[in-house]
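Visitor: Fold the stuff below for me.
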Amino acid sequence: MKNLVKEGISVISLNIVSQVIVFGCFIYIAKVYPETEIGEYFGFGALVAILGIASTGYYEKGIYLVRRESSIQSVVILTLIVCIVVSTLSSLIAGYFLSDIYYFLGLPIFAAGLTKIFSVINIRQSRITYNTTIIFLGTPIVPVLMIVNAKFGVTTSSYMIAITSLTSVSVSLISFFVVCRASRLHFSIKIAKKTIRLYAAKYIDFVRFSTVAEVFSTASFRLPIFFASEFFDKIIAATYGVVVRLAISPIIIVLSYFSQRFLSDISDKARNNRNPKAIFVMYTKILFFYASVQALTILFLIDYVFRLAFGDSFKNGPEMMILMLPWLTGMCIVEPMGNIFLVYKRQDIIFKNKFISFVISSLSFLLGWLFSDFMLGLKVFSWAMALFYVVVWIKAFHIADSQRLNTD
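Guide: Predicted coordinates:
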């Protein structure tokens with residue numbers, strides 16, 4: 001555990017520095033960009049997040065499961081093919097039916113796919129710091145460019161979208177080639193052709209269950225922005241977007257590390273047919289401690305942080321953040337542990353869990369719309385998700401405990 005905590009502190013600290021820079025930039029952005037333009041930008045980002053999940057068909061998860069290092073290249077090529085098809089179709093369809101700016105949509109979706117591929121390669125090879133370094137170097141680029149644009153009087157959502165799209169795909173391409181070189185991956189289409197069809201069929205459950213499930217999950221997370229923008233007010237959408245960014249950014253730093261480390265550890269247990277229960281319990285304890293500290297910090301500091309950062313803007317921000325606490329706390333404890341369903345090939349459970357979260361989100365904010373009260377929808381969603389996370393953890397623990405039968 002000492003090595004885990006030591007590495008975790010190092011990785012998380014580096015990410016915190018990156019996010020502090022981004023947060024400082026975003027405070028300035030929120031003051032100079034119109035709230036309606038920010039709301040529009042978050043709407044584009046929500047669509048990218050949802051479609052980015054489907055960008056690879058989740059085939060990159062096969063990298064965890066292939067036993068030979070030489071097989072990784074075939075899975076990577078298969079995943080790249082899927083990514084190119086999805087991102088191209090996304091741009092053409094969205095650009096045609098929505099607006100010309102949505103022709104950029106395929107770029108950040110393709111970037112999301114590349115990021116998923118090289119992140120999984122690094123996790124399999126226990127190079128967690130590679131992912132952290134890439135995030136540290138790439139994350140501040142977009143907000144800095146947005147500030148530069150603002151200095152020249154350009155504060156429209158279309159420029160924000162264009163900058164984000166071009167930058168994300170550039171950073172991901174460079175990172176992908178660096179990781180492939182570090183991993184000594186040599187791609188051969190002739191060799192891969194013999195196995196691509198095999199892996200496409202072998203890991204089809206990732207497409208059938210995991211991809212669809214994650215689309216549901218991301219949609220449930222992003223739905224409030226759409227509900228706020230379309231049925232309430234773009235300022236409410238902008239406020240919720242700011243709150244989510246402020247709340248989720250530090251959480252993602254921590255959860256990303258522990259998810260990757262937990263996934264690496266239990267993948268090793270699964271490949272060697274060993275009991276994962278002790279690892280499961282250890283990670284739960286660590287995440288419970290983190291979630292408790294985080295909840296108390298938000299309760300006591302959120303009003304001060306918003307006043308200091310935004311002044312009179314985004315007045316409903318602190319209330320939204322507090323209403324989100326039950327959901328955020330459950331997320332911190334349970335989301336990384338859910339990777340056990342992936343490793344032990346229980347995609348059916350993943351699908352059900354994500355679909356239920358989508359239903360909870362839809363019904364909660366539909367209720368808010370019916371009563372013309374966005375805060376009511378957020379409150380119902382947060383507490384319903386907290387209770388649901390308890391059920392998910394119990395299922396995950398049962399999977400971990402049942403693997404004991406394999407080693408007794």
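Visitor: List the buried residues in stretch 119-139.
Guide: 119-125, 127-128, 130-136, 138-139 (16 or more other C-beta atoms under 10 Å). All C-beta spots, glycine's among them, are computed from the backbone N, C-alpha and C.
Visitor: With stretch 150-157 instead?
Guide: For stretch 150-157, burial by neighbour count (16+ other C-beta under 10 Å) applies to 150, 155, 157.
Visitor: Can you get me the start-to-end distance on it?
Guide: End-to-end span of stretch 150-157 (C-alpha to C-alpha, to the nearest Å): 11 Å.
Visitor: who's in contact with it?
Guide: 28-29, 32-34, 37-38, 40-41, 44, 101, 149 (C-beta atoms under 8 Å, 6 or more residues apart in numbering).
Visitor: from these, which two are the most distant?
Guide: Farthest-apart pair in these is 28 and 101; separation 23.3 Å (C-beta to C-beta).
Visitor: which of those two has more neighbours?
Guide: residue 101 (19 against 14; other C-beta atoms under 10 Å).
Visitor: picking that back up, rebuild the contacts of stretch 150-157 as a markdown table, extending it with distance to residue 78 and secondary structure.
Guide: Putting the contacts of stretch 150-157 into a markdown table (distance: C-beta to C-beta, whole Å; DSSP: H, G, I helix; E, B strand; the rest coil) gives the following:
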| residue | distance to residue 78 | secondary structure |
| --- | --- | --- |
| 28 | 43 | helix |
| 29 | 39 | helix |
| 32 | 44 | helix |
| 33 | 40 | coil |
| 34 | 43 | coil |
| 37 | 39 | helix |
| 38 | 38 | helix |
| 40 | 36 | helix |
| 41 | 33 | helix |
| 44 | 29 | helix |
| 101 | 31 | helix |
| 149 | 38 | helix |
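Visitor: Poorly predicted segments of the stretch 51-200 of the chain, please.
Guide: For the stretch 51-200 of the chain, the stretches flagged by pLDDT under 70 are 69-70, 128, 131-132, 187-194.
Visitor: I'd like the next helix or strand past the helix or strand hosting residue 220.
Guide: Taking DSSP states H and E as the definition, residue 220 sits inside helix 212-227. Using DSSP H and E, the helix or strand that follows helix 212-227 in sequence is helix 234-271.
Visitor: Now find how far off-centre the following helix or strand past that next one is within its chain.
Guide: The helix or strand immediately downstream of helix 234-271 is helix 277-310, counting by DSSP H and E. Remark: helix 277-310 is offset 18 Å from the chain centroid, using C-alpha atoms, centre = their mean, to the nearest Å.
Visitor: so what does helix 277-310 touch, helix or strand wise?
Guide: helix 2-32, helix 234-271, helix 317-323, helix 325-334, helix 374-402 (3 or more C-beta pairs under 8 Å, 6 or more residues apart in numbering; DSSP states H and E).
Visitor: State the phi and psi torsions of residue 125.
Guide: Phi and psi for residue 125, reported as degrees, to the nearest 10, are phi -90, psi 10.
Visitor: what's the nearest residue to it if we skip its chain neighbours?
Guide: residue 183 (6.4 Å; C-beta to C-beta, 6 or more residues apart in numbering).
Visitor: Surely the one you found is in contact with residue 123?
Guide: No. With contacts counted by C-beta atoms under 8 Å, residue 183 stays clear of residue 123, the gap being 11.6 Å.
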